[in-house]
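Trainee: I need the structure of the sequence given here:
(2 chains)
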Amino acid sequence: MTKPTLSLDRLSVGYRSGEREHAVVRDVSLQIAPGEAYGLVGESGCGKSTVALTVVRYLPRNGKITGGSVNLDGADVMQLGPEALRSLRAKKVSMVYQDPGKALNPSLKVGRQLAEVFEVMGVPPAEREPRAVEMLKKVRIADPDSVMQRYPHQLSGGMQQRVAIAMALANDPTMLILDEPTTGLDVTVEAEVLDLVADLRNEIGASILFISHNLAVVAKMCDRVGVLYAGMLVEEGPARDIFGSPSHPYTVALLRCMPHAGQTKTHGLLESIPGFLPPPGAQLSGCPFVKRCPLADGRCRAEIPELQDCGGRLVRCHYPDRAANLPPSIEAGDVLPKPPSEAAQILRVSNLSKTYGQGNHAIRVVTDVSLSLQAGETLGLVGESGSGKTTLARMLLGLVPPDPGGSIELDGRPLAGSLERRREDEVKAVQIVFQNPDSALNRSHSVARIIGRALRRLGGFRGTDLAKRLDNLVEAVRLSPRHLTLRPRQLSGGLKQRVAIARSFAGDPRVVVCDEPTSALDVSVQAAILNLLTELQAARAVSYVFISHDLGVVRYLSDRIAVLYLGRVMEMGPSERVFGGPNHPYTEALLSAVPSIGGTQTNRIRLTGESPSAANPPPGCVFQSRCPRKIGGICEVSEPPVTEAEPGHFIRCHISAKDLMRIQLQNKGGASTRRSVQSAPSVATLS
Amino acid sequence: MTDVDASHRQRRIHEVFAALFVSGSFVTGMTIVLFWALCTVLGRHLVPYDPLADDILNALAPPSAEHWFGTDQLGRDIFSRVIVGSRDILTVAPLATILATGVGTVLGLLTGYFRGVVDDVVSRFNEAMMAMPSVIVALLAIVALGTSETTVIIVIGLSFAPVIARTVRSTVLAERELDYIAAAKLRHENSMHIMFVEILPNILPPILVEFTVRLGYAIFAVATLSFIGFGLQPPSPDWGLSISTNYSMISGGYWWAVVFDALAIASLVIGINLVADGLQGALND
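Mentor: A predicted model of the protein is given here:
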């Protein structure tokens, strides 16, 4: 092997808090070869970002390297003086952070910020601007001169991240660190940024350290992968091997947690990983995964396993050959009943619109949406940011009054637009689980108080009745009574979301809106929350409106799906039809943008151009400005009709469903291959 | 449930205290404030002389072993007067600040939560109040209402309320956008419940800091009013009042008649500001 660009040797890092030092990274050794892309995956709190910060010695003040060394391009980073460290950061290594909106300076124009990078490198002033333009061209920005003149907030999230990447590449680094570069971006934008990074890999010689919690993204981008757990590298090897046949029980369990392509709730519950990550600084006397591992025995508890070589990969497990037979965390064949196909309609929404502002400044965020929800059914709402999903949900709840003209009906009776005018039983019938439990739970109230208040107000319970109901509800969401006395900040993200779910179920609701309930959670926790929602639905016959940008999750939970773009429903139909096609061109693009671990890349549909603003939607079909299937003038002039492709499957497009089907099959290279790719993993995991 | 709530609260309080006691500014400030608080309670028993007893023969004696801070123009012992002088100001200023905080918090909650017309009317009024120097406003009010400790408390309390209302309003504006407010509305909670049960506990830390900062200003304001003759009245050994009666002596070289009272005011204000600083640091962790 050639000399690695980056090599960590038995690196340990701790954070000081009060009197104690908490180990966060433990004994991590890894090498990244020149030009190699190395993915570091793991759940939150396992030390990924700390590793990245240590490479450039950017640890926060209370962070301390407690052992080991970092060698970057021949230099021992630990031994560098301030000047040498500065020069290393300026010339050899670059970082791209998660949130480009925060990583860019909001008060400097893009051109000025890019020029600054060249200034630090010592480029003469006259050359800085042309080189900045050149960098923007390199990251495929079509109109670099105008972007140079803009402020970061005038750019979309994807453009901002391109600019951040351009800045990172400006010094022609030998090491590029990408820390969750696409987390928080929409799928189509994520795909765009990942494509860019993949393209650039061929042009630049840099080694890449790619940090992500998203296994599929890492599988797509990286040559080799390291899996971190509790600050330890538990498995490392070529990406294909790790994702194809993982050897550490943690990796196996983690991969099983993701809803596989085609898997839905009717196939049964998702696998999850019971238990919790050891807290930072925990004294480990055995394997860090021992408490959550169904294979653990006495040796695992007594002895920390060493990383051992198992045919081209490293595994930190005493019994690497047993992982493949890891027993499932759920009973096989635990199949849930499908809702009756002819159930009563609970909620019906007709011609709902929402306009903010007035006159020339009016912005219509939801336009003429009609949909319905049956008892015990889940309707998935899919769309990118700005598509109006959340506003639509808030109108259902009565938090945002809709424009006059539309109507919401609950059990056939009209529902007032504003919450104040809804009756008690109407209010408790429609509840919500918010995306971010930190915002949704009152941080100064205890869990018992949060859930108890909801039971009192929505359920009308008092005294011992209330106490009994509280116990039942807490048990139903798999919290334990000892959680009752705690405040939200003492709970993990998954537990907080359980509290929020318990609250929303306090008054036996008919409809629960789930607004991205798992997007802030780790994969293993997400699986447990999705299972909980599925079980509650089966037990209580509640209907869900499930909003998510994660199509895998939506598919798992939804019976029917509505795809929104710029406040309009572009496609709506039964889940398997929406995923199977024929599709609206926008749905098609969304579906093809999702990275999958299987790694089979169908022909990607690339969306070009910026997503238009709701303040100024394109004439004709709102999607025409980005549509890869645009057929011509008609798309620009007239709004497309809604056609029923199959019974119950509606598409809003000028192209007929038959033609859409034909085009899309051609693009996929035949339906048969696609279907087999989709069904294979689900069969493998469920049998 | 209540027991455990209490135990949790204790733990949180314990954490905040731990953070406070490593903060140098809080410990220093608290030492100064506690010293003056002790003087307020026990002052009369600690001092060597009766602060009100005059001794004309010994008037304007410079600091000596007998009279550590010297004597004033009536021969009263200045050290005794400074120690005892904290009493009135440390009663009036905190009461005024409590009034200001109470009124300000309610106004801030109402304007921040309801916004709209309530906010427009109250906020414009508050801004008008804040545009005028509070001492001038207080002066006008005292002239109209007559001088008494109660008047001073009410006047300073009400003139400080707008500043606190503004701080509270801005924190409420951020708080009301959080989803737990929407969740409360989805339980049909009334506005009173949302403001005082849901929001208020979460904005107590900034209110506490604002209270401490305003307390420093209130001390200053009470001293100023006394100095111009509209606050505490003779024969109170109040610092501002003493400075007012003695400041004409400075030109004659009798500096001790003024300096020690001035230092006392300064030390108390600095002490309180150090406490505020420490609190802010500890509560923001």
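Trainee: rest of the way, CA atoms for contacts and neighbours
Mentor: Fine.
Trainee: quick check: which element contains the one residue sitting closest to the centre of chain A?
Mentor: Residue closest to the average C-alpha location in chain A (Cα atoms, centre = their mean): A:S519, at 5.3 Å. For A:S519, there is no host helix or strand (DSSP states H and E).
Trainee: relative to A:V569, how far out is the residue nearest to it when sequence neighbours are not counted?
Mentor: Spatial nearest neighbour of A:S519, chain neighbours left out: A:Q435 (6.9 Å); criterion: Cα to Cα, 6 or more residues apart in numbering or on different chains. Counting by Cα to Cα, to the nearest Å, the gap from A:Q435 to A:V569 is 22 Å.
Trainee: which of those two has more neighbours?
Mentor: More neighbours surround A:V569 than the other of A:Q435 and A:V569, with 26 against 21 (other Cα atoms under 10 Å in any protein chain shown).
Trainee: what sits against the residue nearest to the centre of chain A?
Mentor: A:S519 sits next to A:435, A:526, A:548 when contact means Cα atoms under 8 Å, 6 or more residues apart in numbering or on different chains.
Trainee: among those, which lie within helices?
Mentor: Among the contacts of A:S519, the ones falling in helices (DSSP state H) are A:Q526.
Trainee: show me the strands in the stretch 451-600 of chain A, by range?
Mentor: For the stretch 451-600 of chain A, the strands defined by DSSP state E, counting those that start in this stretch occupy A:511-515, A:543-547, A:560-565, A:568-574.
Trainee: which parts of the third one are buried?
Mentor: By 16 or more other Cα atoms under 10 Å in any protein chain shown, the buried positions in strand A:560-565 come out as A:560-565.
Trainee: can you give the strand pairings for it, parallel or anti for each?
Mentor: strand A:378-382 (parallel), strand A:568-574 (antiparallel) (DSSP bridges).
Trainee: what about the chain, any weak spots by pLDDT?
Mentor: Let's take chain A. A:1, A:18, A:330-342, A:598-603, A:668-687 (pLDDT under 70).
Trainee: wrong chain, I was asking about chain B
Mentor: B:1-12, B:284-285.
Trainee: helix or strand for the most centrally placed residue in it, which one?
Mentor: Note on chain B: the residue nearest the mean C-alpha position is B:L215, at 1.8 Å, using Cα atoms, centre = their mean. Using DSSP H and E, B:L215 maps to helix B:200-227.
Trainee: which parts of that helix are buried?
Mentor: B:200, B:202-203, B:205-227.
Trainee: so what's the gap between that helix and the chain middle?
Mentor: Taking Cα atoms, centre = their mean, to the nearest Å, one finds the center of helix B:200-227 at 4 Å from the center of the full chain.
Trainee: what about A:V642, how many residues nearby?
Mentor: 16.
Trainee: isn't it up against A:I651?
Mentor: Yes - assessed by Cα atoms under 8 Å, A:V642 is found in contact with A:I651 at 5.5 Å.
Trainee: touching, A:L11 and A:S69? I think so.
Mentor: Yes - under the criterion of Cα under 8 Å, A:L11 makes contact with A:S69 at 5.8 Å.
Trainee: hang on, the earlier thing: now for the helix holding B:L215, which elements pack on it?
Mentor: On a contact count with 3 or more Cα pairs under 8 Å, 6 or more residues apart in numbering or on different chains; DSSP states H and E, helix B:200-227 meets helix B:86-114, helix B:134-145, helix B:149-175, helix B:239-246, helix B:256-283.
Trainee: for B:F79, which of those is the nearest?
Mentor: With Cα to Cα as the criterion, B:F79 lies closest to helix B:256-283 of these, at 8.1 Å.
Trainee: between the closest one and helix B:200-227, how many degrees?
Mentor: 170 degrees (axes from the mean of the first three to the mean of the last three Cα atoms, to 10 degrees).
Trainee: in helix B:256-283, what counts as buried?
Mentor: Applying 16+ other Cα under 10 Å to helix B:256-283 flags B:256-258, B:260-262, B:264-265, B:267-283 as buried.
Trainee: kindly report the same for stretch A:256-265.
Mentor: A:256-265.
Trainee: what's the neighbour count on A:E516?
Mentor: With other Cα under 10 Å as criterion, A:E516 counts 20.
Trainee: hey, which of the strands paired with strand A:560-565 is tucked in deepest?
Mentor: strand A:378-382 (a mean of 28; mean count of other Cα atoms under 10 Å in any protein chain shown).
Trainee: report the buried residues of the next helix or strand after it.
Mentor: Using DSSP H and E, the helix or strand that follows strand A:378-382 towards the C-terminus is helix A:389-397. The neighbour-count criterion (16+ other Cα under 10 Å) identifies A:389-397 as the buried residues of helix A:389-397.
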